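Q: return atomic coordinates for the entry below.
(2 chains)
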Number of protein chains: 2
Amino acid sequence: MAEQKKMVEAITSMEEDFAQWYTDIVKKAELMDYTSVRGCMVIEPYGWAIWENIQKILDAEFKELGHENVSMPLFIPESLLNKEKDHVQGFAPEVAWVTHGGSEKLTERLCVRPTSETLFCEHYAKVIQSWRDLPKLYNQWCSVVRWEKTTRPFLRSVEFHWQEGHTMHETAEEAKAETERMLNVYADFCEKQLAIPVVKGRKTDKEKFAGAEATYTIEAMMHDGKALQSGTSHYFGDGFARAFNVTFQGRDNSLCHPFQTSWGMSTRIIGGIIMTHGDNNGLVLPPAVAPIQVVIVPVAQHKPGVLEKAKELQAQLKKQFRVKLDDSDQTPGWKFAQYEMKGVPLRLEIGPKDIEKGQCVLVRRNDREKIFVPLENLESAIAEQLELVRKGMYESALARRENMTYTVKTLDEMKKTADNKPGLIKAMWCGDVACEEKLKEVAGVSSRCIPFEQEHISDTCVCCGRPAKSMVYWGKAY
Amino acid sequence: MAEQKKMVEAITSMEEDFAQWYTDIVKKAELMDYTSVRGCMVIEPYGWAIWENIQKILDAEFKELGHENVSMPLFIPESLLNKEKDHVQGFAPEVAWVTHGGSEKLTERLCVRPTSETLFCEHYAKVIQSWRDLPKLYNQWCSVVRWEKTTRPFLRSVEFHWQEGHTMHETAEEAKAETERMLNVYADFCEKQLAIPVVKGRKTDKEKFAGAEATYTIEAMMHDGKALQSGTSHYFGDGFARAFNVTFQGRDNSLCHPFQTSWGMSTRIIGGIIMTHGDNNGLVLPPAVAPIQVVIVPVAQHKPGVLEKAKELQAQLKKQFRVKLDDSDQTPGWKFAQYEMKGVPLRLEIGPKDIEKGQCVLVRRNDREKIFVPLENLESAIAEQLELVRKGMYESALARRENMTYTVKTLDEMKKTADNKPGLIKAMWCGDVACEEKLKEVAGVSSRCIPFEQEHISDTCVCCGRPAKSMVYWGKAY
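A: As a prediction, the model looks like this:
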């Protein structure tokens, strides 16, 4: 038990220092390691396995909806990046430039892709000829690079992994529907698989993607009350298509420009999982993406029959679950602490007395509830408990968000709330970017989104007092 | 049938111009597209689906053998690349250098990884402490960049996708066994899944990987008699571990350096599939990795019941196979040519007469054999035919390799054979690099490998006449 205590002490408590708690967890749970490349990390096996599980679920959904995977180049020539004006203004300040190949200076600089709209457009211009070629529903899994000044593991890094969907459609309506459809895929994935409640909405013009007509977002609230943009879906109209000369022959034989979308979710969501569900004992992982769903810890494993039974259960359960048996010579106490740190959703304890009674003990990671279950029908008991873990995680995250969401009507209230109460703040807005800037300056909050589910809080803008256009979520964000 | 003819005419015949035949196929089968980034390509959905199938099979085998996936940074600081002398000499001339981040000049240049030994060593130095931490069996799927002057789709490109395994072991024997084990995984994968016969052997010192003690290779022969290095496995001894100060406390408490391996297979193998199996009608894909294993072509599809039956078969077969129904309004002739071009292993034709007789027609892509099969037990008939496709492809590739492999004893014979007979040439070698260089100069051949299966052809080196050490495969290579 001394060892258990030692391990737990090694994490800073989140109440004491949330940032340090986060850093402790990503290291102690062996999700990542730092490298000598600023802002770039090693994602270690346990962290990468979470990403692989996320990929598997999302990729199957994308394909089910008719998307096809492709691979675009890592590099974008400077002239190609320059083709869409808003886009290059947004991204040029934060790209890495390749200037030399071997010992030779390049005639044109190449940037390492920060996102791939330009590359997809170049390709689409070649392969789209007729309305019969539409829609084109492409996606790629890759890493991209943005030269961020301040970086944090998973949340903001120079290199990060993601998927980027890029689609082209015959009509604006179809493209808008795709934008919405994919936002819903992300929202459902977060809520149903990751147990992270999200707010769906639209970004203000100030916060939207460089070159997009509209950016839609799902926003989640972290343990410390800050918001995390967890997935975005962009509608481009035909702006890029015009800039890149992507055309097709329409049904009436006229030459048209297609309408475009892009949408992405990244390894950042791993940071979201940590900060939504983690506690002072470590990670708490949603069963759908946990590399280990059930850890079997034998109790008094030197006693005859215990290890045999544990191995038998492992063999039986691994057909249906991701299961690990820890039969190392560490103490059960050390193992309990270790797999709590790693966020394993269910612990299965089995000792001589349990075997006698034909039962085992299941302990849920999220609420530490302990259940004695008979060994017959163990699979269905585990499936049920895993679902309870997911549900419990979701409900507790939702309750926290509701408790930490405030409504304000005046600038003064906004400032007081922002200063004293971590969380999201609902307030009316006139639609003017000047008010967004003032709120940032005065209260330190930015607009998170204009939620699809609007409420009428008052008639006037929280900042300027002019007539309000919409209710906005404001907050501090990662 | 006019359309069918038109499509087939669009490929240059391989006898006329093999290089053009290859280029025609990669484009017409929609495997890839060129981009404005020199030597970097778009891998289109049909090409990427082949790679995903390759990944799925290999990844499962790696994991079964205990390997874990990780993700290393895209960049390597110049000082890190410089740590191992032979390695930097080999790779520095062909890397892309990032010199600027945003508008800021970097204090140290970063290269885009050409391979990741240096990054793995940096990480291993931190996470390996004791013999209990060994072996470390890591792998990553990623893309790497080498600034090649002359590029060809899949075969040699500036950016290419691959997996790179990097392992650390307690003893030299274990590391050597891993090197051999992974070479066998590659060889079995090529022969059993891709139907590509390979020669297993060791590279000469001249041809080995920069920084390795030994490089093992599998070499395949393409349709034109040239060799393709299709997978490599390297043994490093403890050279990198010493350069990067990777140490562990041994069983006797002494401080030791671990022994290292790395091994890789890349998208190059897609080029190998094309050039081993393709013919003048297009691609011929091994069933294990074909994106479509069975294409259903309805005949006289306007007749009552035909499309219904075709759809019914599709629904039935897709549980077990990757199946596509083409019910577009193109003619059957056009469709036959289209899916031959795409290399689909089996075509299933179904028309009114077949339905009457309760049968369908299966046509094998590789040998165009036509088989009438009853609709009951269709799944097992298809599984059987797919296996016959694989077997037929393998046997025909093996027969070609045997027919195009020659044995020579003198420099004169070597020159005559190399000049007149495309293929591999077996000849004895003294082990001196000077003879390798002379053979390159005089006969235009390089050493492909020192095969594990040695033969005694003569007592003396084919080049210098001194006593021979081993039999070597020589040839022209991609």
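Q: any low-confidence regions in the stretch 251-400 of chain A?
A: Within the stretch 251-400 of chain A, no stretch has pLDDT under 70.
Q: tell me where it has helices.
A: Applying DSSP state H, counting those that start in this stretch to the stretch 251-400 of chain A gives helices spanning A:268-277, A:306-317, A:332-341, A:352-357, A:378-403.
Q: same deal with the stretch 1-150 of chain A?
A: Ranges of helices in the stretch 1-150 of chain A, per DSSP H, counting those that start in this stretch, are A:2-9, A:18-28, A:45-64, A:78-81, A:85-91, A:117-127.
Q: any idea which of those helices is most buried?
A: Mean neighbour count (mean count of other CB atoms under 10 Å in any protein chain shown) peaks for helix A:117-127 among those, with a mean of 22. Bear in mind the C-beta positions are built from the backbone N, C-alpha and C, glycine included.
Q: what separates the residue of the stretch 251-400 of chain A found nearest chain B from residue A:165, distance-wise?
A: For the stretch 251-400 of chain A, the residue closest to chain B is residue A:267, as judged by CB to the nearest CB, at 8.7 Å. Separation of residue A:267 from residue A:165 (CB to CB, to the nearest Å): 16 Å.
Q: returning to that earlier point: find the one among the helices of the stretch 251-400 of chain A with the highest mean neighbour count.
A: Using mean count of other CB under 10 Å, helix A:268-277 ranks as the most buried of the helices of the stretch 251-400 of chain A, with a mean of 24.
Q: now that one - C-alpha only, CSV.
A: Listed next in CSV are the C-alpha coordinates belonging to helix A:268-277 (Å, rounded to 0.1, in the frame of the first residue of the first chain):
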residue,chain,number,x,y,z
ARG,A,268,-6.6,17.2,-29.4
ILE,A,269,-9.6,15.2,-28.5
ILE,A,270,-7.4,13.0,-26.4
GLY,A,271,-6.6,16.1,-24.3
GLY,A,272,-10.4,16.6,-24.1
ILE,A,273,-10.9,13.1,-22.8
ILE,A,274,-8.3,13.6,-20.1
MET,A,275,-9.6,17.0,-19.0
THR,A,276,-13.3,16.0,-19.1
HIS,A,277,-13.1,12.7,-17.2
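Q: which helices and strands sit right next to it?
A: helix A:18-28, helix A:45-64, strand A:214-221, strand A:227-237, helix A:378-403 (3 or more CB pairs under 8 Å, 6 or more residues apart in numbering or on different chains; DSSP states H and E).
Q: just send these back as JSON lines, with distance to residue B:138 too.
A: JSON lines is the format used below for the helices and strands packed on helix A:268-277 (distance: least, CB to CB, whole Å):
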{"stretch": "helix A:18-28", "distance to residue B:138": "18"}
{"stretch": "helix A:45-64", "distance to residue B:138": "7"}
{"stretch": "strand A:214-221", "distance to residue B:138": "31"}
{"stretch": "strand A:227-237", "distance to residue B:138": "29"}
{"stretch": "helix A:378-403", "distance to residue B:138": "29"}
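Q: dump the ones you listed to JSON lines, plus distance to chain B.
A: JSON lines is the format used below for those (distance: least, CB to the nearest CB, whole Å):
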{"stretch": "helix A:18-28", "distance to chain B": "11"}
{"stretch": "helix A:45-64", "distance to chain B": "4"}
{"stretch": "strand A:214-221", "distance to chain B": "22"}
{"stretch": "strand A:227-237", "distance to chain B": "20"}
{"stretch": "helix A:378-403", "distance to chain B": "22"}
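Q: so what pLDDT did the residue in the stretch 351-478 of chain A that chain B sits nearest to get?
A: Proximity of the stretch 351-478 of chain A to chain B (CB to the nearest CB) peaks at residue A:478, 20.9 Å away. Looking at residue A:478, its pLDDT reads 95.
Q: and residue A:77, how many neighbours?
A: Counted by other CB atoms under 10 Å in any protein chain shown, the residues lying close to residue A:77 total 22.
Q: for it, what are its contacts?
A: A:108, A:109, A:110, B:36, B:37 (CB atoms under 8 Å, 6 or more residues apart in numbering or on different chains).
Q: mind redoing it with 7 Å?
A: A:108, A:110, B:36, B:37 (CB atoms under 7 Å, 6 or more residues apart in numbering or on different chains).
Q: what about the second one, how many neighbours?
A: Around residue A:110 there are 27 other residues, counting by other CB under 10 Å.
Q: partner residues bridging the closest residue to it other than its chain neighbours?
A: Of all residues not flanking residue A:110 in the chain, residue A:75 sits nearest, at 4.0 Å (CB to CB, 6 or more residues apart in numbering or on different chains). Beta-bridge pairing for residue A:75 (DSSP bridges): residue A:112.
Q: likewise residue A:279?
A: Residue A:279 has the following beta-bridge partners by DSSP bridges: residue A:282.
Q: can you tell me how far it is from residue A:368?
A: Counting by CB to CB, the separation of residue A:279 from residue A:368 is 10 Å.
Q: from residue A:152, how far out is the nearest residue to residue A:41 once chain neighbours are set aside?
A: Taking CB to CB, 6+ apart as the measure, residue A:41 lies nearest to residue A:32, with 4.7 Å between them; neighbours along the chain are not counted. Residue A:32 sits 11 Å away from residue A:152, going by CB to CB.
Q: those two: who's more crowded?
A: Legend: neighbour count by other CB under 10 Å for residue A:32 and residue A:152, higher for residue A:32 (22 against 17).
Q: and that one, what pLDDT?
A: On the pLDDT scale, residue A:32 is placed at 98.
Q: tell me which residue is most central in chain A.
A: residue A:269 (2.0 Å; CA atoms, centre = their mean).
Q: can you report how many residues lie near the nearest residue to that one once chain neighbours are set aside?
A: Using CB to CB, 6+ apart and skipping the chain neighbours, the partner closest in space to residue A:269 is residue A:230 (5.7 Å). Using other CB under 10 Å, residue A:230 has 26 other residues around it.
Q: my read is that residue A:230 contacts residue A:220, right?
A: Yes: counting by CB atoms under 7 Å, residue A:230 touches residue A:220, with 4.9 Å between them.
Q: which residues do those two both contact?
A: Residues within reach of residue A:230 and of residue A:220 at once, by CB under 7 Å, 6+ apart, are A:190, A:198, A:272.
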